[in-house]
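**Student:** Need a 3D model of the sequence below.
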Amino acid sequence: MEPLIYVMAIMGCGDGNVQCTEARIVPVRYESMAACRAALPDQIARNTDVPYPMIGAACRGQGMMVAKAEAKPPHG
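**Tutor:** Down below sits the predicted model:
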């Protein structure tokens with residue numbers, strides 16, 4: 001089962017795209033990973049105020065995940 005929502009983290013990185021750290025979480029919630037990834041260019045453009053030489057973004061699942069248990073045959 002998939003996470004309930006997806007969020008985007010804006011990452012701040014040093015020169016050469018190294019030592020990246022999470023600078024903020026975008027307040028928008030996405031219903032699928034595809035929707036989050038489609039919004040990456042727009043959200044990066046909206047978050048250029050992050051005080052790092054380079055910025056990027058990453059989508060990740062957030063919310064409760066439920067594992068599906070397989071039914072076991074009865075012992076007998």
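
**Student:** buried stuff in the lowest-mean-pLDDT helix or strand in the chain?
**Tutor:** Least confident helix or strand, the chain: strand 18-25 with a mean of 90, by mean pLDDT, DSSP states H and E. By 16 or more other CB atoms under 10 Å, the buried positions in strand 18-25 come out as 20, 23. (Glycine included, C-beta is placed from N, CA and C.)

**Student:** Give the pairing partners of it; include direction for each.
**Tutor:** Next to strand 18-25 in the sheet, as set by DSSP bridges, lie strand 5-14 (antiparallel).

**Student:** In stretch 45-63, which of the residues would be classed as buried?
**Tutor:** Quick answer for stretch 45-63 (16+ other CB under 10 Å): 47, 50, 52, 55-57, 59.

**Student:** If you could redo that for stretch 7-16, that was the one I meant.
**Tutor:** For stretch 7-16, by 16+ other CB under 10 Å, it's 7-13.

**Student:** Verify the assumption that Val28 is located in a strand.
**Tutor:** No. Val28 is assigned coil when assessed by DSSP: H, G, I helix; E, B strand; the rest coil, not a strand.

**Student:** The residue lying closest to Glu31 once chain neighbours are set aside: what's it in contact with?
**Tutor:** Using CB to CB, 6 or more residues apart in numbering and skipping the chain neighbours, the partner closest in space to Glu31 is Ile5 (6.9 Å). When contacts are counted by CB atoms under 8 Å, 6 or more residues apart in numbering, Ile5 touches 29-31, 61-63.
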